[in-house]
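Colleague: what follows is a predicted structure for the sequence shown.
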Amino acid sequence: MRRVSIKFSQTEEVARFVRILNRYDVEASVKCGSRTVDAKSIMGVLALAKSKTAPLILQTEAECPELMEELAPFAA
């Protein structure tokens, strides 16, 4: 399991983030306070993380360096 803090300043960034995650075989969630949503759900991420820093939790057995490189622009 990996945790990365993410932040979005525009709605388009959320859409790009979700498209990237959907290309990979990982389970991912975004947590904000006591709420957790599927990070592959654009509506869930929009509702929770827009204009806030939130932790992204990736659950995978692989290291996924390509995924982490693609997610780097969203790191808070």
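Modeller: Structure's in. What do you need?

Colleague: can you give me the buried ones in the longest helix seen in the chain?
Modeller: Using DSSP state H to define each element, the chain has its longest helix at helix 11-22. Within helix 11-22, the residues that qualify as buried are 13-14, 17-18, 20-21, counting by 16 or more other Cβ atoms under 10 Å. No exception for glycine: its C-beta is placed from N, CA and C like everyone else's.

Colleague: ranges for the helices of this structure?
Modeller: 11-22, 42-49, 65-71.

Colleague: could you list the low-confidence segments of the protein?
Modeller: Counting by pLDDT under 70, the chain contains low-confidence ranges at 50-51.

Colleague: let's see it at 80
Modeller: Applying pLDDT under 80 to the chain picks out residues 49-52, 60-63.

Colleague: roughly how far apart are Glu27 and Glu12?
Modeller: 24 Å (Cβ to Cβ, to the nearest Å).

Colleague: go on, Gly44?
Modeller: 17 Å.

Colleague: about what we covered before: farthest pair within the buried residues of helix 11-22?
Modeller: Glu13 and Leu21 (12.7 Å; Cβ to Cβ).

Colleague: which neighbours do these two share?
Modeller: Counting by Cβ atoms under 8 Å, 6 or more residues apart in numbering, Glu13 and Leu21 have no contacts in common.

Colleague: what sits up against stretch 33-45?
Modeller: In contact with stretch 33-45 (Cβ under 8 Å, 6+ apart) are residues 8, 14-15, 17-18, 21-22, 28-30, 47-48, 56-57.

Colleague: any chance of a markdown table for the residues you listed, columns distance to Glu69?
Modeller: What follows is these, written out as a markdown table (distance: Cβ to Cβ, whole Å):
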| residue | distance to Glu69 |
| --- | --- |
| Phe8 | 18 |
| Val14 | 19 |
| Ala15 | 19 |
| Phe17 | 14 |
| Val18 | 17 |
| Leu21 | 13 |
| Asn22 | 17 |
| Ala28 | 15 |
| Ser29 | 20 |
| Val30 | 19 |
| Ala47 | 27 |
| Leu48 | 24 |
| Leu56 | 14 |
| Ile57 | 18 |
